[in-house]
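Peer 1: take a look and give me a structure for this.
(2 chains)
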Amino acid sequence: MRAGNRLRTLLTTALLLPTVPLHAAGPGGALGELSFRARTLLPTLLLLDPVVTPQAVAPSDQEGVVVNPANLEHPAQLERELRAALRDPLSETRLTVTGGTARLGSYSVGSAEQITGHIVVLKGNAEIHGRVDGNVVTLDGNVILHPGGMVTGDVLAIGGRVRQIGGNIAGSQMELEAAPTPHAELSVPVLVARRGAGLLGIGLTLLILGFGLVTFGRPNLEIVSDTVSHSFGRAFLAGLLGQVLILPTFGMMVVGLVLTIAGTVLVPFAAAVFILLAIIALIGGLLAVAHAMGETITRRRMAHGLRVSPNAYRYVMTGLGSLATIWLAWVAFGWVPLAGSLIFAGAMLLTWGIATVGFGASLLSRGGVREHFAGRILPPEMMTDEYLWATPQLGVPAVKRPPKDPTA
Amino acid sequence: MRTIATSRPSAGERMLQVTAEFGAGEFVIKPGRAGELYRMVLRYDAERNVPVHQYDARSGILRLGVESSGGAGIKVTTKAQMSQRAELFFAPEIPLALSANLGASDATLELGGLTLRSLSVGGGASRTTVNFSKPTRGECTSASFMIGAAELEVRGLANAGCRELRVEGGVGRVMLSFDGTWRQDTKAQVSLAMGGLTLRIPKGTGVQLVTSRFLAAFEAEGFTREGDTMTTPGFATATQKLVVELKASVTGVKVEWTP
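Peer 2: So this is what the prediction gives:
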């Protein structure tokens, strides 16, 4: 569609607007009609819908599409036939209408006109000011009947509305929602790119959250991370139990609050807090597992003589990178018919396991408050490196010097 | 899922014979606007079903609803089909003979105020509530309900004013409430294979129950028994009479008296 045509059609439509007698509008009144016009025009103004130049549709050849709008009992079938007739560009469309005519783009029957036969309007509105002795069908357009307009037959709007501002429709009115357009099969590169972008987005989000947690809640993160490292099995079991009990706990909390009557007003707040805490425990736990993984990987690298800076930011980043590799396999090979599903199931299972461990560690350490659950064997004072060279702070019992004179 | 809305203005029709077909989902019938012969708003599973809308203006025969696109009848195969919804409205002033085959739907039929000539409701595994919240217009010859494994509640049967009432049920729970404004004596034939039947009858109504039971428990007060016939005192002189022929097997039958 050329820009000139679009502009011309828009201007024509805008000029036609004031000619509509708004006082004669239907149940919605003038405001309803204005709202309808705005909704109809908005997609066109925003260039979402192409504007179609009004024109007559030439009859199809012998093997082309032929429709008979005399019988509108099967509108879905009629829609399929009409869509099959559409061509790109639309001006190439050919359609034979038995006992009537076909039009492309908006079409108007003037107040002094009398049309004998059916009218099929494709990709546009049918504005009826005059008389139509037959049926009126629109595809992706509205049928608008104005005062003085008359349709002696039935009216069908496929992918549009039937608006009766005035006038008379002797037969049935039908509005059929347009058939959903089938989703095109994505090519493998597009599929991989789309999934990769999704993974990158999730990874970046978790990275930002992880860095935020390191900055503002490092002690808690490290305690949960240590709990994962030192009590892995217990953390998994606690996480599993937590998942099972989370809903009953929520229910008990709500029931308990309701039973206290006064606490009923607190139910919405308590519910919001509960859900928030559960999400924090889950995501925080996942990040703590990433931290623990990153720490382990970093220390192994250092043991191999690699010089890296051992800090919590690196731990989180390295851990999340490791987690992402599980999903990278799915991004790369997820399109393979059976293997893709298996990789997806494996990645889901592994991620669930990691999240369960993290959730359990968060529960065991009370969100990184209970330090002893980190499984630390040495007391904090032993964690300094002073004990390696100085007198142990715990002290060594001094040997009593023997008296000079044993007889004294 | 797709939506289709269809309606037709009334043009002096004398009678409307409606057959409504529905497979699964929510099904609603209500009185419509005056001057509008019928209206249907249907949301249906376009992958498996096609909408039905056929009207013959000369005979006044109307078919509405959905049917299987394969032509082999309605079969509920997916959960999506249960989210189908049909709303049907009929002109209150046009005499209506309504036949509804509800399949496995959750149906609510509000028929009070309609000019009901006859009613026939069938369902396989449906939950159906029929309500006559106000008296119907004109004379209703019969109302029949044929259900398979279903729940059926009919309220305001006196408002329906149907001379004959017939209920045939397989397995399920049936509640018939004869409240409302009595216009004529009513005869009901109820046959239920297995389940529970509750009859709610206004106090003061003369009731005669002719029962044919097999392993059916009967729970009712205020009847005098003579063989298989149970009658309320003063039945012969009652201003409003209800005769119920009851065939029940493995069924709990209960009569509740309403104020």
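
Peer 1: what is the burial count for residue B:229?
Peer 2: 13 (other C-beta atoms under 10 Å in any protein chain shown). C-beta here means a position set from N, CA and C on the backbone, and glycine is covered the same way.

Peer 1: need the contact list for the closest residue to it other than its chain neighbours.
Peer 2: Nearest in space to residue B:229, with sequence neighbours left out and distances taken as C-beta to C-beta, 6 or more residues apart in numbering or on different chains, is residue B:210 at 5.2 Å. Counting by C-beta atoms under 8 Å, 6 or more residues apart in numbering or on different chains, residue B:210 makes contact with B:228, B:229, B:243, B:244, B:245, B:246.

Peer 1: so the third one: helix, strand or coil?
Peer 2: Secondary structure, DSSP: H, G, I helix; E, B strand; the rest coil: residue B:243 is strand.

Peer 1: for it, give the beta-bridge partners.
Peer 2: residue B:187, residue B:208 (DSSP bridges).

Peer 1: number of nearby residues for it?
Peer 2: Neighbour tally, residue B:243, other C-beta under 10 Å: 17.

Peer 1: surely it meets residue B:178?
Peer 2: No: if you go by C-beta atoms under 8 Å, residue B:243 and residue B:178 don't touch, sitting 11.6 Å apart.

Peer 1: overlap in contacts, these two.
Peer 2: residue B:186.

Peer 1: returning to what we had before: secondary structure class for the residue nearest to residue B:229?
Peer 2: strand.

Peer 1: also residue A:121?
Peer 2: strand.

Peer 1: list the contacts for it?
Peer 2: Neighbours of residue A:121 in contact, by C-beta under 8 Å, 6+ apart: A:102, A:103, A:104, A:105, A:106, A:107, A:136, A:137, A:138, A:139, A:141.

Peer 1: minimum pLDDT in the contacts of residue B:210, which residue is that?
Peer 2: Of all the contacts of residue B:210, residue B:228 carries the smallest pLDDT score, 85.

Peer 1: from residue B:225, how far off is the residue nearest to that one when sequence neighbours are not counted?
Peer 2: Using C-beta to C-beta, 6+ apart and skipping residues adjacent in sequence, the residue nearest residue B:228 is residue B:211, 5.3 Å away. Distance, residue B:211 to residue B:225, using C-beta to C-beta, to the nearest Å: 10 Å.

Peer 1: out of those two, which sits in the more crowded spot?
Peer 2: residue B:211 (18 against 12).

Peer 1: what parts of the stretch 1-150 of chain B come near chain A?
Peer 2: Taking C-beta under 8 Å from any C-beta of the partner chain as the contact definition, the stretch 1-150 of chain B meets chain A at B:2-9, B:11, B:46, B:50-51, B:53-55.

Peer 1: picking that back up, wait, the residue nearest to residue B:228 sits on residue B:248?
Peer 2: Yes: using C-beta under 8 Å, residue B:211 is in contact with residue B:248, at 7.2 Å.

Peer 1: related to what we said a few turns ago, hmm, which two among the contacts of residue B:210 are most spread apart?
Peer 2: B:228 and B:243 (13.3 Å; C-beta to C-beta).

Peer 1: give the contact list for residue A:208.
Peer 2: Contacts of residue A:208 (C-beta under 8 Å, 6+ apart): none.

Peer 1: quick one, helices of the stretch 1-150 of chain A?
Peer 2: A:3-16, A:29-45, A:75-85 (DSSP state H, counting those that start in this stretch).

Peer 1: which part of the stretch 51-200 of chain B gets nearest to chain A, residue-wise?
Peer 2: residue B:54 (5.2 Å; C-beta to the nearest C-beta).

Peer 1: which residues does that residue contact?
Peer 2: Residue B:54 is in contact with A:73, B:61, B:62, B:63, counting by C-beta under 8 Å, 6+ apart.

Peer 1: among those residues, which one has the most neighbours?
Peer 2: residue B:62 (25 neighbours).

Peer 1: any idea which helix or strand carries it?
Peer 2: Here residue B:62, judged by DSSP states H and E, is contained in strand B:61-68.

Peer 1: in its sheet, what does the following helix or strand past that strand sit against?
Peer 2: Counting by DSSP H and E, the next helix or strand C-terminal to strand B:61-68 is strand B:85-90. Paired neighbours of strand B:85-90 in the sheet (DSSP bridges): strand B:24-31 (parallel), strand B:36-44 (antiparallel).

Peer 1: how about the helix or strand bottoming out on mean pLDDT in chain B: buried residues?
Peer 2: The weakest-scoring helix or strand in chain B, judged by mean pLDDT, DSSP states H and E, is strand B:217-219 (a mean of 77). Neighbour-count burial for strand B:217-219 flags residue B:218 (criterion: 16 or more other C-beta atoms under 10 Å in any protein chain shown).

Peer 1: let me know the helix or strand that the residue of the stretch 251-400 of chain A found nearest chain B is in.
Peer 2: Chain B sits closest to residue A:341 of the stretch 251-400 of chain A, with a gap of 21.4 Å, by C-beta to the nearest C-beta. According to DSSP H and E, residue A:341 maps onto helix A:337-364.

Peer 1: tell me the mean pLDDT over that helix?
Peer 2: pLDDT averaged over helix A:337-364 gives 91.

Peer 1: what is that helix packed up against?
Peer 2: helix A:188-230, helix A:232-259, helix A:267-303, helix A:312-333 (3 or more C-beta pairs under 8 Å, 6 or more residues apart in numbering or on different chains; DSSP states H and E).
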